[in-house]
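>>> One predicted model, sequence on top.
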Amino acid sequence: MKTAILGAGISGLALARFLIDGGLTAQDITIFESAPKAGGLCHSETVDGFTYDISGGHILFSKDKPALEWMIQQGGGPEAFVKRDRNTKIRFEDRWVHYPFENGLGDLPEQANFDCLQGYVNAWHTRTMDGSEAPKDFKSWILWRFGAGIAKHFMDPYNEKIWKRELDQISSGWVAGRVPDAPVDDVLKASIGLRTEGYKHQAMFYYPKQGGFQGITDAIAARLTEQVKLNTPVTQIVKQGESWTINGEAFDCVVSTIPLTYMPDLVEGMPENVAGAMKALEYNSMVTFLLALDREKHPDLSWIYLPQKAQGPTNRVTYMSNYSEGNAPAGKSSFLCEVTVPGGGPFPGAELEDEVVDGMLHAGLMTRDELMFTHRSQVKHAYVVFDHGFEEKRATSLAWLRGAGIEPLGRFGRFDYDNSDQCVIKARELAAELLERAKLG
């Protein structure tokens, strides 16, 4: 079964490995990659001995033990990784607030603590006593779930930073399964200073010792050197009988991890309604900054959130050199700052760097004399945006592709808000399906 995989990110690379390990002939697999290096959204950059993940700080964890073990083995085995305990905070004015926010109310100033507790209890009472359904828009959902206090002090300003849209323009459907519901007893305890924990599935994570998160995809790609065609963008996808041609070469099976928004310009003969649905899918881009510091050691933190406008445009800061000692030279440390940008528009200019640095200084996270240099990266497709027409547009797009014989895969190949482990899980599932087809001829 001659198979084309479009894109050599974690999804495409994992699919190729699962297909080969499942018995498909390696010579019958071709992976088309437009970039000069495999890795996709897992790409990392090294500058003067400092390494950072260009699409935000990645970590390796999973509820799916086989997927986690597979990624570790593919990435060089346990000896190639460090194991870290997650220590995540929210920077609220000059205070550190435990994460998630509702588990850290006791760290807030007294009035903010009261606002958040009162709102949470009122919202919990309304939900449980009235049995009200979750609102369809995200802004109303935040009030329904967390109450007015948490909405005002954290959820609204933080999410406005990420999504760069009015929150009532975003659907609430995406939060199911991603935002655990803290028991009201935990929130009450947190408010009076009794420590409670949320997001326990992320309490520990793995990270490559060398090469950044790309160390995983580099190790997988090293076993696929004959299959991966680098610097080879897909320019034309044409149906011919029961097969497809990619850039003029015929294949029995095509799997695409290319962002759906690009596909109408590549696939010949796509219906106008499908092309319109794909192009209308919304997303956010991202600008990331490495901040290289003349600082021997960071506080024991993994990453933090900056919800307030005075803290600059950065929404999340990764303590990059805490992930692995290999991410910075000896005696130095580093930050990774993330700034989202509405997809499809221009990226901000050089002024963004000054705004990021000024915000970090205002937040009290560093001093100016510690900063050695900055390095900037840009990622076109970073976050799926769940506007109110999202589900219909996505369903139309995926149904047509699969019906036409192109299998969509990956975060933007399917417009699924997936972490790397979920990309591997879905690649594993698709590989099993394709191997069964191959057996049937």
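That came through, no problem.

>>> Enumerate every residue touching Leu266.
Listed by C-beta atoms under 8 Å, 6 or more residues apart in numbering, the contact set of Leu266 reads Val234, Thr235, Gln236, Ile237, Ile258. In short, each C-beta sits where N, CA and C put it, glycine included.

>>> now, among the residues you listed, which is nearest to Arg127?
Nearest to Arg127 out of these is Ile258 (C-beta to C-beta; 41.0 Å).

>>> Let me know the pLDDT of the closest one.
Ile258 carries a pLDDT value of 98.

>>> Show me which pair in the contacts of Leu266 is furthest apart.
Gln236 and Ile258 (12.4 Å).

>>> These two: which has the busier surroundings?
The neighbour count for Gln236 versus Ile258, taken as other C-beta atoms under 10 Å, is higher for Ile258 (24 against 12).

>>> still on that earlier bit, can you tell me which of the contacts of Leu266 is closest to Gln422?
Ile258 (18.4 Å).

>>> So that closest one is in contact with Ile237, correct?
No: look at Ile258 against Ile237 with C-beta atoms under 8 Å: they stay out of range, at 9.1 Å.

>>> List the residues that contact Ala203.
Taking C-beta under 8 Å, 6+ apart, we find Ala203 in contact with Asp85, Arg86, Glu197.

>>> let's see 6 Å
By C-beta atoms under 6 Å, 6 or more residues apart in numbering, Ala203 lies in contact with Arg86.

>>> Check His98 too.
Gly104, Asp107.

>>> Quick one: neighbours of the spatially closest residue to Thr318 that is not a sequence neighbour, just the number.
Leaving aside its sequence neighbours, Thr318 sits nearest to Gly57 (C-beta to C-beta, 6 or more residues apart in numbering; 3.0 Å). By other C-beta under 10 Å, the residues close to Gly57 number 23.

>>> Distance of Gly57 relative to Asp130?
40 Å (C-beta to C-beta, to the nearest Å).

>>> got it, and Leu41?
41 Å.

>>> out of these two, which sits in the busier spot?
The neighbour count for Leu41 versus Asp130, taken as other C-beta under 10 Å, is higher for Leu41 (23 against 8).

>>> Wait, a strand at the more buried one?
No: using DSSP: H, G, I helix; E, B strand; the rest coil, the assignment for Leu41 is helix, not a strand.

>>> Check the contact between it and Asp53; I expect there is one.
No: in this structure Leu41 lies outside contact range of Asp53 using C-beta atoms under 6 Å: 8.9 Å.

>>> OK, contacts around Lys89?
Applying C-beta under 6 Å, 6+ apart to Lys89 gives the contacts Trp96, Tyr99, Ile304.

>>> what about it, which SS state?
Of the three states, Lys89 takes strand under three-state DSSP.

>>> and it, what are its bridge partners?
Under the criterion DSSP bridges, Lys89 forms beta bridges with His98, Ile304.

>>> Report pLDDT for it.
97.

>>> how close does it get to Met320?
From Lys89 over to Met320 (counting by C-beta to C-beta), the distance is 16 Å.

>>> Got the phi and psi for the closest residue to Glu226 other than its chain neighbours?
Closest residue in space to Glu226, ignoring its immediate chain neighbours: Ala26 at 7.0 Å, by C-beta to C-beta, 6+ apart. The phi/psi pair for Ala26 (degrees, to the nearest 10) reads phi -60, psi -40.

>>> Offset the numbering so it begins at 39, please.
With the count now opening at 39, the last piece we talked about shows up as Ala64.

>>> Ala64 and Arg55 touch, don't they?
No: checked against C-beta under 6 Å, the pair Ala64 and Arg55 is beyond contact range at 10.0 Å.

>>> more crowded one of these two?
Arg55 (23 against 13).

>>> so which strand or helix has that one?
helix 48-59 (DSSP states H and E).

>>> Just give me how far that helix sits from the chain centre.
Going by C-alpha atoms, centre = their mean, to the nearest Å, the spacing between the C-alpha centre of helix 48-59 and its chain's C-alpha centre is 20 Å.

>>> That one: what's the following helix or strand?
Assigned by DSSP H and E, the successor of helix 48-59 is strand 67-70.

>>> Sheet partners, orientation included, of that following strand?
strand 41-44 (parallel), strand 266-267 (parallel).

>>> What confidence value was assigned to Leu51?
So, for Leu51, pLDDT stands at 98.

>>> and it, what does it touch?
The contact partners of Leu51, by C-beta under 6 Å, 6+ apart, come to Thr255, Ile258, Ala259.

>>> and whichever helix or strand Thr164 is part of, C-alpha only, in PDB?
Here Thr164 sits within helix 148-168, counting by DSSP H and E. Taking C-alpha atoms only, helix 148-168 is exported to PDB below (Å, rounded to 0.1, in the frame of the first residue of the first chain):
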ATOM      1  CA  GLU A 148      -8.300  39.500  51.200                       C
ATOM      2  CA  GLN A 149     -10.900  41.400  49.100                       C
ATOM      3  CA  ALA A 150     -10.000  39.400  45.900                       C
ATOM      4  CA  ASN A 151     -10.200  36.100  47.900                       C
ATOM      5  CA  PHE A 152     -13.600  37.000  49.200                       C
ATOM      6  CA  ASP A 153     -14.800  38.100  45.700                       C
ATOM      7  CA  CYS A 154     -13.700  34.800  44.200                       C
ATOM      8  CA  LEU A 155     -15.100  32.600  47.000                       C
ATOM      9  CA  GLN A 156     -18.400  34.300  47.100                       C
ATOM     10  CA  GLY A 157     -18.800  34.100  43.300                       C
ATOM     11  CA  TYR A 158     -17.700  30.400  43.200                       C
ATOM     12  CA  VAL A 159     -20.200  29.400  46.000                       C
ATOM     13  CA  ASN A 160     -23.000  31.300  44.300                       C
ATOM     14  CA  ALA A 161     -22.200  29.700  40.900                       C
ATOM     15  CA  TRP A 162     -22.000  26.300  42.500                       C
ATOM     16  CA  HIS A 163     -25.300  26.700  44.300                       C
ATOM     17  CA  THR A 164     -27.000  27.900  41.100                       C
ATOM     18  CA  ARG A 165     -25.700  25.000  39.100                       C
ATOM     19  CA  THR A 166     -26.500  22.300  41.600                       C
ATOM     20  CA  MET A 167     -29.800  23.600  42.900                       C
ATOM     21  CA  ASP A 168     -31.300  24.800  39.600                       C
END
